[in-house]
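# 3D, please:
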Amino acid sequence: MGWNSMRPLLICFWTVACAGPAMALGPDTWLFPMALKPGDTIALVAPSAPATGPEFLVYVKLMESKGYRVVSKPGLVGRKENYLGGSDAERAAEINDYLRDPTVRMIMPVRGGFGMSRILDRIDYSALRKDPKVIAGYSDITALHLAVARHAQVVTFHSPMAMRDLWREAEPAYAFPAKSFQRAVFAGQYVPGERGYVVEIPKGHKPVKLVGGKVTGRLLGGNLSLVVTLMGTPHAIQPRGSILFLEDVSEPAYRIDRYLSQLRLAGVLDQVAGVVLGSFTTRDEAEETDTTRVLHDYFSKLKVPVLMRYPVGHTPQNATLPHGALVELDADTGTLRILQNPVRVH
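Next comes the predicted model:
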């Protein structure tokens, strides 16, 4: 066998070998972190863009005033390597240290940006599997949510972040994302004996039915560009039977078209049980019209329920969604019902 014929096999072997230790995980082996309660420790990390500005300290003081202990690595604020929040080694070690620390109950990225996908092959997923804890965030953190779903099967939370909206919870315009986040992960929000809940929608907001119907599946997805970026890697989404949710920001319509074309050609759209389309933030009304047209092109012909304009993504009305949890999508009523508590309360 010559080099040209061996090369694809070697690339395949290298991809599998570099994916980290494999764990035998099945469809019914998902785990849930413990809900947060006063006295718990929250670890702030910067796996993507740098932590800068007063927002960081505002969030720390806010959570400490509620009875939580907040920790971070020395020098986290201002730590920077070009557009990243530190070197790959620093950012990966930061996450792994907290994954292995039994006192830490939530890992909260301060913000998104870029860089999470650079370190996915360095994360200790087995530590999270052994000790599930709340992992929050959205945007670039989509990469971590998808990788955790593949390698640890622990429910995580597509949610606002410390320096993205949560620090502003006292402002009326940002009360909703804080309330939605608390509903999902705080122990005091759960009534003994009750199971699951309907994700609350902001007042005056009405999701739009594109394709009607009701379906149950596991909620997976996040930022569209990150979902596409991980295609072909060991960390890619496993879409079969899932409720796929997507959002994006500052992407022109032709790029959204390109991303969705890749998902279609890869067979992802043929495998999902339902779709939730969140915020696709654009620069102006003309671009919004073009993006809406593209979304209609790809999703209006699907034979599964599809809901548009759901309040999730790069918007002040960013609902927290438990990534990996079983949910019921009802496109006719515009609701998402979480069918199981995404955290353990006791």
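# Residue 275 looks like it's in a strand, true?
Yes. Residue 275 forms part of a strand when assessed by DSSP: H, G, I helix; E, B strand; the rest coil.
# For it, which non-adjacent residue is spatially closest?
What sits nearest to residue 275 in space, not counting adjacent residues and going by Cβ to Cβ, 6 or more residues apart in numbering, is residue 306, at 4.5 Å. C-beta: built from backbone N, CA, C; applies to glycine.
# what about the closest residue to residue 272 other than its chain neighbours, distance to residue 297?
Closest residue to residue 272 apart from its sequence neighbours, by Cβ to Cβ, 6+ apart: residue 244 at 4.4 Å. To residue 297, residue 244 is 16 Å away according to Cβ to Cβ, to the nearest Å.
# Look at those two and report which has more neighbours.
For residue 244 versus residue 297, neighbours defined as other Cβ atoms under 10 Å are more numerous around residue 244 (27 against 12).
# Now do the same for the more buried one: helix, strand or coil?
Per three-state DSSP, the local secondary structure of residue 244 is strand.
# And it, what's its pLDDT?
For residue 244, the pLDDT comes out at 98.
# Do I have it right that it meets residue 270?
No. Taking contacts as Cβ atoms under 8 Å, residue 244 lies outside contact range of residue 270: 11.4 Å.
# my guess is the residue nearest to residue 275 meets residue 296, correct?
No. Using Cβ under 8 Å as the test, residue 306 is too far from residue 296 to be in contact (9.7 Å).
# what's the overlap in contacts for these two?
residue 210 (Cβ atoms under 8 Å, 6 or more residues apart in numbering).
# Quick check: the gap between the closest residue to residue 113 other than its chain neighbours and residue 139.
Using Cβ to Cβ, 6+ apart and skipping residues adjacent in sequence, the residue nearest residue 113 is residue 49, 2.7 Å away. Distance of residue 49 to residue 139, computed by Cβ to Cβ: 10 Å.
# The two: which has the busier surroundings?
Higher neighbour count among residue 49 and residue 139: residue 139, with 28 against 21, using other Cβ under 10 Å.
# which ones are touching the nearest residue to that one once chain neighbours are set aside?
Nearest non-adjacent residue to residue 139, counting by Cβ to Cβ, 6+ apart: residue 112, 3.0 Å away. Contact analysis of residue 112 by Cβ under 8 Å, 6+ apart lists 48, 49, 137, 138, 139, 140, 141, 161, 164.
# what two of the residues you listed are the furthest from one another?
Taking Cβ to Cβ, the two most distant members of the contacts of residue 112 are 49 and 138; they sit 13.2 Å apart.
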